[in-house]
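In: I'd like to go over a predicted model; first the sequence, then the structure.
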Amino acid sequence: MEENKEISLQDLSDDEVPAFLDLRPKKFSDYIGQKQIVETLQIAVEAAKKRNEVLDHVLFYGPPGLGKTTMAHIISNELGVPLVHTSGPALEKGGDLVSILTHMEHGSVFFIDEIHRLPKIVEEFLYSAMEDFAVDIIFDKGMNARSYRAKLNQFTLVGATTRAGLLSPPLRERFGIQRSLDFYSVEELQQVIIRSASILNVSIDYDAALEIARRSRGTPRIANQLLRRVRDFAQVRADGSITKKVSDDALALEGIDARGLNLLDVRFLNVIIEFYKGGPVGLEAIAATLQEETDTLIDMVEPYLLKAGLLTRTSSGRKVTEQAYKHFKKTVQKAKGRQMPLPE
């Protein structure tokens, strides 16, 4: 951290500034949080390097913003190999995947974000590529059809997904290393914010970093986003230094409350409380009332609300907890059931 504080933006050329402002850690030793995952990956990477072999295929899953992409970059850096980055929706045809695979160097890390959105035909090409490092290409059709097996350089596939349940079992089982990334603690996020502030050359005190961490929804990506917004506020409305008061004022202006709930979270919970008497209610009904897509609510809203204990999922639908009522200072509304009269 002392090295970062000695670097100033004024000391860098225009070409160096974008790389300098990249807040992603480049090595396992710089990575904050997910200690058990980092330790097991360090062992796997070190063992692969000692045996001069490629690393097993790796699958990361968990809510967005927890560091899945960062992990892929670190693996590439630690192995000292190139990183090829793409996403599931971008690979529309089998030929797209084959073109990438046949041009990769030995040992390369092939990172596929949103891997659960791979088309089925592309996914089937991956099976033999992951197991045998080869792809079967079919020429012509019908009676003239011919099959050719193209050998590939050995590589490590790193997949990332927010919806691990949508991966087909044949694909999921081909990953030798599977790790679930969990939300960060407030203390870990405070460390992330202090580290990022030093890289951005911004003065911040510990109380301010703690306050931003509390409102970051357990997610490093959100912590860094909020830090940038608070930095802007401090430079325009204060002397450039981030204090607790400056962070409170900036986050209030951003619509982030004391528990890190944003405007969509508040609308989501209030709809259940006010329109559906606290639930249970189906997600489709909530989405229709909010005029939002169900996927947006599943990926961006529900994970944190469930983790924070403000929401529960039941067989009948979503239901807010007593904590949610207390947070909004509202009285718990108990459903009034009617008992059917007994036959005479």
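Out: Okay, I see it.
In: Tell me where the chain is predicted with low confidence.
Out: Along the chain, segments meeting pLDDT under 70 span 1-21, 139-140, 142-145, 333-344.
In: can you list the domain ranges for it.
Out: Listed domain ranges for the chain are 34-180, 186-253, 265-327 (source: automatic domain parsing).
In: Which one of those domains lies nearest to Asp22?
Out: Judged by C-beta to C-beta, the one of these that comes nearest to Asp22 is domain 186-253, at 8.4 Å. No exception for glycine: its C-beta is placed from N, CA and C like everyone else's.
In: Please enumerate the strands of the stretch 1-150 of the chain.
Out: 58-61, 83-87, 109-113, 134-139, 146-151 (DSSP state E, counting those that start in this stretch).
In: Would you convert the ones you listed into TSV that also reports mean neighbour count?
Out: Shown next, in TSV, are these (neighbours: other C-beta atoms under 10 Å):
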stretch	mean neighbour count
strand 58-61	24
strand 83-87	16
strand 109-113	24
strand 134-139	14
strand 146-151	10
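In: among those, which is nearest Gln190?
Out: Comparing the strands of the stretch 1-150 of the chain against Gln190 with C-beta to C-beta, the closest turns out to be strand 58-61 (23.6 Å).
In: Mind listing residues that contact the closest one?
Out: Residues from elsewhere that reach strand 58-61, judged by C-beta atoms under 8 Å, 6 or more residues apart in numbering: 41, 68, 71-72, 75, 115, 156-164, 167, 172, 175-181.
In: Over to stretch 275-287?
Out: With contact meaning C-beta under 8 Å, 6+ apart, stretch 275-287 is reached by 268, 271-272, 289, 293-294, 296-298, 314, 316-320, 325, 332-333, 335.
In: Out of the contacts of strand 58-61, list just those in helices.
Out: Counting by DSSP state H, the contacts of strand 58-61 place Leu41, Lys68, Met71, Ala72, Ile75, Arg172 in helices.
In: Kindly indicate the member of those with the most neighbours.
Out: With neighbours defined as other C-beta atoms under 10 Å, the most crowded of the ones in helices among the contacts of strand 58-61 is Met71; it has 25 neighbours.
In: how about the helices of the stretch 151-300 of the chain, start to end?
Out: All helices of the stretch 151-300 of the chain, identified by DSSP state H, counting those that start in this stretch, fall at 169-172, 186-199, 206-214, 220-237, 244-253, 263-275, 283-290, 294-296.
In: what sits against the residue nearest in space to the middle of the chain?
Out: Nearest to the geometric centre of the chain sits Pro64, at 2.3 Å (C-alpha atoms, centre = their mean). Pro64 is in contact with Thr162, Thr219, Arg221, Asp299, Met300, counting by C-beta under 8 Å, 6+ apart.
In: With Asp299 instead?
Out: Each residue near Asp299 by C-beta under 8 Å, 6+ apart is listed here: Pro63, Pro64, Thr162, Arg163.
In: and the residues you listed, which are buried?
Out: Pro63, Thr162 (16 or more other C-beta atoms under 10 Å).
In: which among the contacts of Asp299 gets closest to Ala250?
Out: Closest to Ala250, out of all of the contacts of Asp299 and judged by C-beta to C-beta, is Pro64, at 23.1 Å.
In: now that closest one: how far from Gln191?
Out: 21 Å (C-beta to C-beta, to the nearest Å).
In: Over to Arg221?
Out: 15 Å.
In: do Ile121 as well
Out: Here the criterion is C-beta to C-beta. By it, Ile121 lies 44 Å from Gln191.
In: Show me which of those two is the more surrounded one.
Out: Taking neighbours as other C-beta under 10 Å, Ile121 and Gln191 compare with Gln191 leading, 18 against 12.
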